[in-house]
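Undergrad: I would like the atomic coordinates for the input below:
(one chain, ligands or ions: 1)
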Amino acid sequence: MFRHRFLLILYPAQGHIHPAFQLAKRLVSLGAHVTVSTTVHMHRRITNKPTLPHLSFLPFSDGYDDGFTSSDFSLHASVFKRRGSEFVTNLILSNAQEGHPFTCLVYTTLLSWVAEVAREFHLPTAMLWTQPATILDIFYYYFHEHGEYIKDKIKDPSCFIELPGLPLLLAPRDLPSFLLGSNPTIDSFIVPMFEKMFYDLDVETKPRILVNTFEALEAEALRAVDKFNMIPIGPLIPSAFLDGKDTNDTSFGGDIFRLSNGCSEWLDSKPEMSVVYVSFGSLCVLPKTQMEELARALLDCGSPFLWVIKEKENKSQVEGKEELSCIEELEQKGKIVNWCSQVEVLSHGSVGCFVTHCGWNSTMESLASGVPMVAFPQWVEQKTNAKLIEDVWKTGVRVDKQVNEDGIVENEEIRRCLEEVMGSGEKGQELRNNAEKWRGLAREAVKEGGSSDKNLRAFLDDVEV
Ligand code: UDP
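TA: Numbers count the residues shown, from 1 in each chain. Have a look, this model is predicted:
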């Protein structure tokens, strides 16, 4: 008989799958039974799911088992919610009838309809927030009494925005892109979704929000909004690359892209801290001109590089290594891969710098591995993460301060940042020292008795029925 039976519902995106799988594994290691559910389409794309006793996977159909290809995201969100709610309702009922009822439901960002279903059955819930606590605070303020203040401030790019309890001043360019209205097609659908999520959270008293962060990293942001019970339980990273408690836990086990071979062997052949690792995550597609500038900078800086450029998934995708004018030179001097085990790469001794889009998982993985960054944010919350990396945690430099009239960061500026981070000068040394400090604090947090470890155990006691 299990003390806890969790149902974990995931938004079908790589940035949700990785931390959620890691949470599922942690819960199992603490004696729980966990059922993980996402869409049939995503479930099929993951070929390396973790196999553990007491961890099971049960996908559901969102009506688009071959993938959703239209740009009508609102349509997808409403069908996803309707079909997902039916699935969760039926699963709760059938598990109860079979004598092993769920004791708690956990859902990732934006899926607050899961909490609506859980309330009907009087089941406890928690949201797994897959971005930093700071972003949750900013969104909260935007939808609660500070919206007009923020909208007013962003009219002037030289203004600074100050929000209660947050230890940083934000320029408009540091805000999540959704709040700037720079992409009306996406913003018109995503902003109402976030608004609805906060509306749903408002219905609850002190909703539990598990955050993939750790106490020392965001102490003030975790307490800024006292309506929430934010519980830092991160970094959610495979144990082998963090506390080493479970040496078999060497992968998230949730990759939705084809993994390339030979990365470790290639890294083994390079000197200590000599390699620049470049990845823009699972969703970003850089304009071709930006790719060319980046390629030139990598070639000119002289360091070996490992660059993740995903194969084209469809004809309209602009990114693709085939289009790069200097592809032969790139393949001679560096290694270009479709997808790699990023945590394995970042923990390899030969990596000296991470050129990153500052997705939250990538940021956490870099902090936990002690790798300094060239922050190259694109959209969503990445600009805020870049601000935190550069000005608060001081483990990287931001490359997007100087862009040309087309919004492109040019070769010289990228190279300057690479040299700053990789170089033996004062700045490079300071970044490496800070990166090492955060690496140590991340490990402290997850070890037995560390803050994240204690928080997760306390959460289990709290949701015990
Ligand atoms: N990742 C990976 N291999 C790659 C590139 C990325 O395993 O070649 C993983 C990375 O470790 C992280 C996730 O993909 O866990 C990307 O999440 P993130 O939040 O950084 O960015 P997103 O893809 O959501 O933009």
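Undergrad: who touches residue 1 in this structure?
TA: Listed by C-beta atoms under 8 Å, 6 or more residues apart in numbering, the contact set of residue 1 is empty. Quick note: C-beta positions are derived from backbone N, CA and C, even for glycine.
Undergrad: now the residue in the stretch 251-400 of the chain positioned nearest to the ligand, nearest residue through space, not along the chain?
TA: Using C-beta to the nearest ligand atom, the single residue of the stretch 251-400 of the chain nearest to the ligand is residue 359, 2.3 Å away. Closest residue to residue 359 apart from its sequence neighbours, by C-beta to C-beta, 6 or more residues apart in numbering: residue 281 at 4.2 Å.
Undergrad: same question, residue 132
TA: residue 213 (5.5 Å).
Undergrad: and what of residue 432?
TA: residue 372 (5.7 Å).
Undergrad: before we move on, the earlier item: isn't the residue nearest to residue 132 right up against residue 232?
TA: Yes. In this structure, residue 213 is within contact of residue 232 by C-beta atoms under 8 Å, at 4.9 Å.
Undergrad: tell me where the stretch 51-200 of the chain has strands.
TA: 55-57, 104-108, 125-129 (DSSP state E, counting those that start in this stretch).
Undergrad: now swap in the stretch 201-350 of the chain and tell me
TA: Under the criterion DSSP E, counting those that start in this stretch, strands of the stretch 201-350 of the chain are mapped to 208-211, 229-232, 275-279, 305-308, 335-337.
Undergrad: top helix in this structure by residue count?
TA: helix 73-97 (DSSP state H).
Undergrad: so how far is that helix off the chain centroid?
TA: 24 Å (C-alpha atoms, centre = their mean, to the nearest Å).
Undergrad: now swap in stretch 280-297 and tell me
TA: With C-alpha atoms, centre = their mean, you get 19 Å for stretch 280-297.
Undergrad: contact partners of that stretch?
TA: With C-beta under 8 Å, 6+ apart, stretch 280-297 has contacts from 13-15, 256-257, 278, 308-310, 317-319, 323-326, 330, 355-357, 359, 361-362, 376, 378-379, 406, 408-412, 414-415, 418.
Undergrad: what's the pLDDT at the residue of the stretch 251-400 of the chain closest to the ligand?
TA: Reading off the confidence values, residue 359 has pLDDT 98.
Undergrad: and the spatially closest residue to residue 64 that is not a sequence neighbour, what does it touch?
TA: With sequence-adjacent residues excluded and distances taken as C-beta to C-beta, 6+ apart, residue 64 is closest to residue 41, at 6.2 Å. Residue 41 makes contact with 12, 62, 64, 65, 66, 67, 68, according to C-beta under 8 Å, 6+ apart.
Undergrad: how about the helix or strand hosting residue 41: buried residues?
TA: Counting by DSSP states H and E, the element that carries residue 41 is helix 40-45. Neighbour counts over helix 40-45 (16 or more other C-beta atoms under 10 Å) mark 40, 41, 42, 43, 45 as buried.
Undergrad: what average pLDDT does that helix get?
TA: The model assigns helix 40-45 a mean pLDDT of 97.
Undergrad: can you check stretch 185-198 too?
TA: 89.
Undergrad: what's the answer for stretch 243-259, then?
TA: Here the average pLDDT along stretch 243-259 is 95.
Undergrad: neighbouring contacts of that stretch?
TA: Residues contacting stretch 243-259 (C-beta under 8 Å, 6+ apart): 14, 17-18, 20-22, 25, 29, 42, 45-50, 238-241, 282, 310-311, 338-341, 343-344, 443, 446-448.
Undergrad: narrow those residues to those in helices?
TA: Judged by DSSP H, the contacts of stretch 243-259 include 14, 17-18, 20-22, 25, 29, 42, 45, 343-344, 443, 446 as members of helices.
Undergrad: roughly how far apart are the residue nearest to residue 359 and residue 434?
TA: According to C-beta to C-beta, to the nearest Å, residue 281 stands 23 Å off from residue 434.
Undergrad: who are the neighbours in contact with the nearest residue to residue 68 once chain neighbours are set aside?
TA: Nearest residue to residue 68 in three dimensions, chain neighbours excluded: residue 76, at 4.9 Å (C-beta to C-beta, 6+ apart). Contact analysis of residue 76 by C-beta under 8 Å, 6+ apart lists 62, 64, 68, 70.
Undergrad: show me how this structure divides into domains.
TA: Listed domain ranges for the chain are 5-247+447-462, 263-442 (source: automatic domain parsing).
Undergrad: before we move on, the earlier item: out of the ones in helices among the contacts of stretch 243-259, who's near the ligand?
TA: Filtering those for proximity to the ligand (criterion: C-beta under 6 Å from any ligand atom) leaves 14, 18, 343.
Undergrad: make a markdown table out of the residues you listed and add pLDDT.
TA: As requested, those are exported to a markdown table (pLDDT from 0 to 100):
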| residue | pLDDT |
| --- | --- |
| 14 | 98 |
| 18 | 98 |
| 343 | 98 |
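Undergrad: select from those residues the one having the most neighbours.
TA: When those are compared by neighbour count (other C-beta atoms under 10 Å), residue 18 ends up highest, at 28 neighbours.
Undergrad: ok, that residue - contacts?
TA: Residue 18 neighbours (C-beta under 8 Å, 6+ apart): 236, 252, 254, 361.
Undergrad: out of those, which are close to the ligand?
TA: Okay, of the contacts of residue 18 touching the ligand (C-beta under 6 Å from any ligand atom), that's residue 361.
Undergrad: in helices, which of the contacts of residue 18 fall?
TA: residue 361.
Undergrad: how about TSV for the contacts of residue 18, with distance to residue 157 and neighbour count added?
TA: Below are those laid out as TSV (distance: C-beta to C-beta, whole Å; neighbours: other C-beta atoms under 10 Å):
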residue	distance to residue 157	neighbour count
236	35	28
252	38	26
254	38	24
361	29	26
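Undergrad: ok, so of the contacts of residue 18, who is nearest residue 261?
TA: Nearest to residue 261 among these is residue 252, at 17.9 Å by C-beta to C-beta.
Undergrad: thinking residue 206 is in contact with residue 225, fair?
TA: No. Assessed by C-beta under 8 Å, residue 206 is found out of contact with residue 225, at 10.5 Å.
Undergrad: tell me which of the two has more neighbours.
TA: residue 225 (21 against 11).
Undergrad: for that one, phi and psi?
TA: Phi and psi for residue 225, reported as degrees, to the nearest 10, are phi -110, psi 100.
Undergrad: which ones are touching the nearest residue to it once chain neighbours are set aside?
TA: Spatial nearest neighbour of residue 225, chain neighbours left out: residue 140 (5.0 Å); criterion: C-beta to C-beta, 6+ apart. The contact partners of residue 140, taken as C-beta under 8 Å, 6+ apart, are 198, 225, 227, 228.
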